[in-house]
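Enquirer: make a model of this:
(4 chains)
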There are 2 protein chains.
Amino acid sequence: MTQSSGKPRIQSQIRLASFLPFRLNRLASEVSRRISAIYGDRYGLDIPEWRVLATLSSRGTATAQAIVASTRTHKSTISRAVAALTQRGLIEREGSASDGREIVLRLSDKGDELMREIVPLVLAEERAMLNRLPAGQRREFLSALTRLEVSLELDEEEPL
Amino acid sequence: MTQSSGKPRIQSQIRLASFLPFRLNRLASEVSRRISAIYGDRYGLDIPEWRVLATLSSRGTATAQAIVASTRTHKSTISRAVAALTQRGLIEREGSASDGREIVLRLSDKGDELMREIVPLVLAEERAMLNRLPAGQRREFLSALTRLEVSLELDEEEPL
DNA sequence: TGGAACTAGTCTCACTTGCAACCAACTATA
DNA sequence: TATAGTTGGTTGCAAGTGAGACTAGTTCCA
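Expert: Okay, here's the model as predicted:
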């Protein structure tokens, strides 16, 4: 009665299994789970902490605000991650000369060593997942991803 | 010093902007945000509630356990969503004849009407996002998604 | 038939995170 | 140089969620 009769003009049933946001969330959380198992279990970092370290590893220095903007993570979350990492001696904070409100962050030697250890493991796991796709499809997938990001304006990030 | 000298054999720097889990999470949350704005703002449903309704709309009836399995959502989350939806009169609970522990769930008339109203809006928004990709790339993207799901074993769902 | 092992669903607890209020420091305008 | 508005960062609070204990009901098998 629901769909076999009458005018099926409008799709009024939905299947979660083929519904884009559901699929993306499920995939993203599985991929994150596998990656964060590396830095989480072995090194006791959570996702926000990892993002801070990765940003600093990539940029050298950054303010909390810059990390907020580039990771699209809430500033209170970043603030807490920064506090925890400082506590553990993995990053260093230094007042900015030009703006007394800002605090410039950088990896400590200890943090830098840690990242040199973790990053190759994490990138290897990322590669292993992407390699489940044949090369052509992998390229297409990544370029579609890029196009969606641009189109949804997710890529507004200051260049390094 | 870090990368311009010596052996760059191993990649020890990371750029979040090109890091798969980061990109997937960001995309998934943006896509979810846009879709859930529809059923959230206008109809006061959260994501777990939406998942329950969508599953029931698609299957007709289901137990909480079946919804847990097919949505990969924690059973306590589903339990709360079911309670809220029952409270609002959108779904009905009926003890199972064959198994006294189970409760069979189905949309109420009110819930069915609601879904007939929401689903076309939601699907239109999903289509609008996918249509930002040209047809060929869209196909490739979706089939890569499927392949990743299979490969990561995310698709173990009972058939309808 | 009488446990032992298992399953469906609820509930409590702890943890994470977003919101929003807040403080301190900066900028612009008069 | 006083004042209003803005911005960087922190913190208290509340909401949402997962882990896991718990209850009730079922299945299995001696």
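
Enquirer: and the helices in chain A?
Expert: In chain A, the helices defined using DSSP state H lie at A:20-41, A:47-59, A:64-71, A:75-87, A:109-130, A:135-151.

Enquirer: pLDDT below threshold where in chain A?
Expert: A:1-10, A:156-160 (pLDDT under 70).

Enquirer: what about the closest residue to DNA strand C within it, how many residues nearby?
Expert: Sorted by distance to DNA strand C under CB to the nearest atom of the strand, the residues of chain A start with A:G100, at 2.5 Å. No exception for glycine: its C-beta is placed from N, CA and C like everyone else's. A:G100 is flanked by 8 other residues according to other CB atoms under 10 Å in any protein chain shown.

Enquirer: rewinding a little: closest one to B:T73 among the helices of chain A?
Expert: B:T73 lies closest, by CB to CB, to one member of these: helix A:20-41, at 10.0 Å.

Enquirer: show the end-to-end separation of stretch A:94-102, please.
Expert: For stretch A:94-102, the first-to-last residue distance is 9 Å (CA to CA, to the nearest Å).

Enquirer: that stretch vs DNA strand D: in contact?
Expert: Yes. In terms of CB under 7 Å from any atom of the strand, part of stretch A:94-102 sits within range of DNA strand D, namely A:D99, A:R101, A:E102.

Enquirer: residues contacting the residue lying closest to the last one once chain neighbours are set aside?
Expert: Read it as A:E102. Closest residue to A:E102 in three dimensions, ignoring its sequence neighbours and counting by CB to CB, 6 or more residues apart in numbering or on different chains: A:S96, at 3.8 Å. For A:S96, the set of contacting residues under the criterion of CB atoms under 8 Å, 6 or more residues apart in numbering or on different chains consists of A:T63, A:E102, A:I103, A:V104.

Enquirer: ok, back up a step: got JSON lines for the helices of chain A, with mean neighbour count too?
Expert: As requested, the helices of chain A are exported to JSON lines (neighbours: other CB atoms under 10 Å in any protein chain shown):
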{"stretch": "helix A:20-41", "mean neighbour count": "19"}
{"stretch": "helix A:47-59", "mean neighbour count": "23"}
{"stretch": "helix A:64-71", "mean neighbour count": "19"}
{"stretch": "helix A:75-87", "mean neighbour count": "16"}
{"stretch": "helix A:109-130", "mean neighbour count": "16"}
{"stretch": "helix A:135-151", "mean neighbour count": "16"}
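
Enquirer: make a markdown table from those and add distance to B:T86 to it.
Expert: What follows is these, written out as a markdown table (distance: least, CB to CB, whole Å):
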| stretch | distance to B:T86 |
| --- | --- |
| helix A:20-41 | 23 |
| helix A:47-59 | 34 |
| helix A:64-71 | 39 |
| helix A:75-87 | 34 |
| helix A:109-130 | 40 |
| helix A:135-151 | 37 |
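
Enquirer: and chain A, which residues reach DNA strand C?
Expert: Counting by CB under 7 Å from any atom of the strand, chain A sits next to DNA strand C at A:D46, A:I47, A:P48, A:T73, A:H74, A:K75, A:S76, A:T77, A:R80, A:D99, A:G100, A:R101.

Enquirer: just the residues you listed now: which is nearest A:L114?
Expert: Minimum distance to A:L114 across those is 14.4 Å, recorded for A:D46 (CB to CB).

Enquirer: and the residue lying closest to that closest one once chain neighbours are set aside, how far is that from A:P48?
Expert: Closest residue to A:D46 in three dimensions, ignoring its sequence neighbours and counting by CB to CB, 6+ apart: A:G40, at 6.7 Å. When distances are taken as CB to CB, to the nearest Å, A:G40 and A:P48 turn out to be 12 Å apart.

Enquirer: re earlier: and which of the contacts of A:S96 is nearest chain B?
Expert: Within the set of those, A:T63 lies nearest chain B; the separation is 15.9 Å, counting by CB to the nearest CB.

Enquirer: just to revisit the earlier point, and the helices of chain A: which comes nearest B:L154?
Expert: Evaluated with CB to CB, the helices of chain A place helix A:20-41 nearest to B:L154, the distance being 5.5 Å.

Enquirer: packing partners of that closest one?
Expert: Counting by 3 or more CB pairs under 8 Å, 6 or more residues apart in numbering or on different chains; DSSP states H and E, the packing neighbours recorded for helix A:20-41 are helix A:47-59, helix A:109-130, helix B:20-41, helix B:109-130, helix B:135-151.
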